[in-house]
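Peer 1: the following comprises the amino acid sequence and a computationally predicted model.
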Amino acid sequence: MESKEKILNVVKILGSTVLGIGIIMFLLGLFVSDYTILTSIGIGTVMGAVFIFLIGVFFVATEEMLSKTSKGHQIIPQAVKKETPVYK
């Protein structure tokens, strides 16, 4: 459980840092600077931060579910009767 908390904390810190940088870049490009490229880079950075956070949370949730579920039952195939197919 400790490793999952570490991964979640790293994803949270990394995502919030990138999100802050993206918001700052977006606001600078929108209000301060005349460069529209800075605004679009800020939007992309914000979307990247959200993507990083969601993928990290999905990874932690998947790892948690895999560790808590049983590995299933063994499936033994039954004998199949081989009949000659009848085509009409």
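Peer 2: On my side now, so go ahead. Residues are numbered from 1 along each chain as shown.

Peer 1: on the pLDDT front, check the nearest residue to Gly56 once chain neighbours are set aside for me.
Peer 2: Closest residue to Gly56 apart from its sequence neighbours, by Cβ to Cβ, 6 or more residues apart in numbering: Val11 at 3.0 Å. (Each C-beta comes from the backbone N, C-alpha and C, glycine too.) In this model, Val11 is scored at 94, pLDDT.

Peer 1: and Val11, how many neighbours?
Peer 2: Using other Cβ atoms under 10 Å, Val11 has 19 other residues around it.

Peer 1: repeat that for Tyr35.
Peer 2: 11.

Peer 1: list the buried residues for stretch 25-42?
Peer 2: Across stretch 25-42, burial judged by 16 or more other Cβ atoms under 10 Å covers Met25, Phe26, Gly29, Leu38, Thr39, Gly42.

Peer 1: in helices, which of these fall?
Peer 2: Among the buried residues of stretch 25-42, DSSP state H puts Met25, Phe26, Leu38, Thr39, Gly42 in helices.

Peer 1: how about the second one: what's its closest non-neighbour residue?
Peer 2: In space, Phe26 comes closest to Gly42 once its chain neighbours are excluded; the distance is 2.9 Å by Cβ to Cβ, 6+ apart.

Peer 1: and the third one, by the same measure?
Peer 2: The spatially closest residue to Leu38, leaving aside those adjacent along the chain, is Gly29, at 3.1 Å (Cβ to Cβ, 6+ apart).

Peer 1: state the distance from the one you found to Ile55.
Peer 2: 26 Å (Cβ to Cβ, to the nearest Å).

Peer 1: that older thread, so who does the residue nearest to Gly56 touch?
Peer 2: Ile52, Phe53, Gly56, Val57, Val60 (Cβ atoms under 8 Å, 6 or more residues apart in numbering).

Peer 1: does the first one lie in a helix or a strand, and which?
Peer 2: Assigned by DSSP states H and E, Ile52 falls within helix 36-68.

Peer 1: picking up where we left off before, show the buried residues in the contacts of Val11.
Peer 2: Applying 16+ other Cβ under 10 Å to those flags Ile52, Phe53, Gly56, Val60 as buried.
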